[in-house]
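> okay, structure incoming, though there's no sequence with it:
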C-alpha cells in the first residue's frame, strides 16, 4: 500500500458530555449523604474537573523525554516516564545472571473473601500450592492477585483502547493511554503489573473458567499486555498519539519487539461444568504468541473440581482432590525446571528463526 492511501478514519466519537451530564457523573462519587457537609467544596472541585475535561488535560504534569528518545525535548507524562524507567531497571535485573530467580504467580479469579462472595477462591488456594513449591526450592515467588480489582477502593485495570489496530507504533510500551486525568481514568494497576511481568523469569497463570472464558480481571490484563507484544517504547516518535505518524512508521517497517519473550510459563485452568480446555488453549496460544516458552505438557493443566457438584461444597471437593493438588505442584516444578534451563543458556529448537509474518 502506498503512503497516498493512508488515512485516519473518523466520525464514531459522539463528542464531549454536556455540563449537566458531567456534573451528574462527577457527583455520583459523593452519593453518600455524609459528603453533603462539603457540598460547596464539591461544587468547586467539580468546576475544576469540568475545566480539565473541556481542555482535555490528560497529562497535566510532564517531564522532558531526555536522551535516548527520538525527540528529547518532547513533554512526556511524568507517570509514563517513571514507569518506563522502572521497566528498564526491571529488565536489566531480570537479564542479570546473578539475580535471584523470580516466578510470578497470577491469580486470575475475581472472587475473594473481602467482597460480596465472602469466601476465598479456589484459584487462590491453588496458587498457594504453586507458591509453596517455588518457595521450597529457594526461589522468589511473586503473587499477582487480580481479585484486588473487586475488593480495593478505586483500583482498576482500565480497558485497552485498541491503539494497536490504528497502527502498532501507536501502542506504546508501557501503555501511555492511562492515566487520563481529564477523564478521571486514574489509579490504573497496569504499570505495577508490567513491572512484575518484566521482572519475572517464569510465570504461572492460575484461572477459573467463567462462562467458557477467562474472568474479567484476567481478560483486562491480557488486553492491556498487548503493548508487550510489538509495542513502541518511544512515544516521542509518534508525538504522543498522532495516528498518521504511527501509520507511516508502521508502513516504513516495524520490528514488532516482543518485550516479554523468553520467559517460561505454566497454566492451571479449572472449572466445574464446562469450558476448561478452550480457555487453557486460548491462554496457551496467547502466551506462545508473546514469545514465552511453555514448560512442557505437565505445565499446562486443565481440571474440573467438583464436576457438576454443588457450588456450596466446592472447597470441600478441592480438599479431597489430592491429585489436582499434586498436579498444580507439578506445574510449578516444570516451570522452575524450564527457567533453570533457560537461565543456563539452553536454547529452544526454534531459536533464531525469523518470523516471515511479524505482527
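Perfect, I can see it now. As the structure is a prediction and not an experimental result, all values here were calculated from the model.

> strands of the chain, residue ranges please.
Shown for the chain, the strands assigned by DSSP state E span residues 62-64, 75-77, 102-107, 140-145, 202-208, 264-271, 293-294, 300-304.

> what angle separates the fifth one from strand 300-304?
Compare the direction of strand 202-208 with that of strand 300-304 by axes from the mean of the first three to the mean of the last three CA atoms, to 10 degrees and you get 20 degrees.

> and the fourth one, by the same measure?
With the same axes, to 10 degrees as the basis, strand 140-145 and strand 300-304 are set at 50 degrees to each other.

> who does strand 140-145 pair with, and is each partner parallel or antiparallel?
Partners of strand 140-145 in the sheet, by DSSP bridges, are strand 102-107 (parallel).

> how about the second one?
Sheet partners assigned to strand 75-77 using DSSP bridges are listed as strand 62-64 (antiparallel).

> ranges for the helices of the stretch 151-300 of the chain?
Ranges of helices in the stretch 151-300 of the chain, per DSSP state H, counting those that start in this stretch, are 190-199, 216-224, 243-251, 276-289.

> helices and strands around the first one, which ones?
So that's helix 190-199. helix 78-95, strand 102-107, strand 140-145, helix 216-224 (3 or more CB pairs under 8 Å, 6 or more residues apart in numbering; DSSP states H and E). In short, each C-beta sits where N, CA and C put it, glycine included.

> among these, which is nearest residue 297?
With CB to CB, the closest approach to residue 297 among the helices and strands packed on helix 190-199 belongs to strand 102-107: 19.0 Å.

> just how off-centre is that closest one within its chain?
Counting by CA atoms, centre = their mean, to the nearest Å, strand 102-107 is centred 13 Å from the centre of its parent chain.

> related to what we said a few turns ago, so which of the helices and strands packed on helix 190-199 gets nearest residue 240?
helix 78-95 (9.9 Å).

> ok, back up a step: make a markdown table from the strands of the chain and add mean neighbour count, mean pLDDT and distance to residue 172 to it.
Listed next are the strands of the chain as a markdown table, based on neighbours: other CB atoms under 10 Å; pLDDT from 0 to 100; distance: least, CB to CB, whole Å:
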| stretch | mean neighbour count | mean pLDDT | distance to residue 172 |
| --- | --- | --- | --- |
| strand 62-64 | 14 | 98 | 15 |
| strand 75-77 | 19 | 98 | 10 |
| strand 102-107 | 26 | 98 | 22 |
| strand 140-145 | 17 | 98 | 22 |
| strand 202-208 | 28 | 98 | 22 |
| strand 264-271 | 27 | 98 | 24 |
| strand 293-294 | 20 | 96 | 26 |
| strand 300-304 | 19 | 98 | 31 |
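
> hey, which helix is longest across the protein?
In the chain, with assignment by DSSP state H, the single longest helix is helix 322-343.

> so which bits of that one are buried?
Neighbour counts using 16 or more other CB atoms under 10 Å place 324, 327-340, 342-343 of helix 322-343 among the buried residues.

> for stretch 23-43, same thing?
Within stretch 23-43, the residues that qualify as buried are 23, 26, 42, counting by 16+ other CB under 10 Å.

> how far is that stretch from where the chain is centred?
How far stretch 23-43 lies from its chain's middle: 32 Å, per CA atoms, centre = their mean.

> which one of the strands of the chain lies nearest to residue 236?
strand 75-77 (7.2 Å).

> and residue 152, which of the strands of the chain is closest to it?
Nearest of the strands of the chain (CB to CB): strand 140-145, 10.0 Å.

> residue 105: what's it in contact with?
127, 130, 131, 134, 141, 142, 143, 144, 203, 204, 206 (CB atoms under 8 Å, 6 or more residues apart in numbering).

> oops, could you answer that again for residue 198 instead?
Listed by CB under 8 Å, 6+ apart, the contact set of residue 198 reads 87, 90, 91, 94, 259, 260.

> make it 7 Å
The neighbourhood of residue 198, defined by CB atoms under 7 Å, 6 or more residues apart in numbering, consists of 87, 90, 91, 94.

> in terms of pLDDT, where does residue 2 sit?
We have a pLDDT of 59 for residue 2.

> how near is residue 83 to residue 229?
Look at residue 83 and residue 229: by CB to CB, to the nearest Å, they are 18 Å apart.

> again, but for residue 343
Residue 343 sits 22 Å away from residue 229, going by CB to CB.

> same question for residue 313.
For residue 313, the distance to residue 229 (CB to CB) stands at 41 Å.

> neighbour-wise, which of those two wins?
residue 229 (21 against 12; other CB atoms under 10 Å).
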